[in-house]
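In: okay, sequence plus prediction incoming.
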Amino acid sequence: MNVPLNVESEDSILEQLGGKADQYFTNQMTSYAESLPLTGGDLTTASQATNQYVASLYMARKQNFESAKYWEDRYKESFNTLVNILTSNPTNRTKRIAVTKDYRTEPISSDPLLE
C-alpha cells in the first residue's frame, strides 16, 4: 500500500479507518468469544486481517477500487483462516487417528507389529 510519508491528513484518515476496522473486526469475532483471547500466531493472523481491511477501506476512499478489492479479498482469506483455527478441534485438525488397544484384555502377541 502506498501512503505518502509526512502527510498529516493521511495519518488522520488512516487512524479513523483503523478505528472503524478494529470495531468491525471485533464485532465479527464476538461469536467466537469462547475461543478468545487470541495468542501467538492467531493474534498475528488477526492483526494481519485488520490491517488488510484498513488497506481495503483506504484504497476505496482513494477510489482505487481494484486495489481495494484485492485487499478485501486478502482480508476475507485471513479472516476465514482465523475462523477455521478458532472453530477447529483436535479431531478435525488431522486425518490421522490414534487407536489404542488395552493389552490387559488381549495378549500382546495379537499385535501384528510384534509378529
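Out: All right, it came through fine. All values derive from a computational prediction rather than experimental measurement. Residues are numbered from 1 along each chain as shown.
In: what about Ala68, how many residues nearby?
Out: Residue neighbour count, defined by other CB atoms under 10 Å, stands at 18 for Ala68. (Each C-beta comes from the backbone N, C-alpha and C, glycine too.)
In: that one and Met59 touch, don't they?
Out: Yes. Between Ala68 and Met59 there is a contact under CB atoms under 8 Å: 3.8 Å.
In: which helix or strand contains Lys69?
Out: helix 65-87 (DSSP states H and E).
In: and the contacts of that helix?
Out: 1, 25, 28, 32, 35, 38, 42, 45-46, 48-49, 52-53, 55-60 (CB atoms under 8 Å, 6 or more residues apart in numbering).
In: go again using 7 Å as the cut-off
Out: Under the contact criterion CB atoms under 7 Å, 6 or more residues apart in numbering, helix 65-87 has outside partners 28, 32, 35, 42, 45-46, 48-49, 52-53, 55-56, 59-60.
In: please name the residues that touch Leu59.
Out: One thing to correct before we go on: residue 59 is Met, not Leu. So Met59 contacts Ser67, Ala68, Trp71 (CB under 7 Å, 6+ apart).
In: brilliant, that's me finished.
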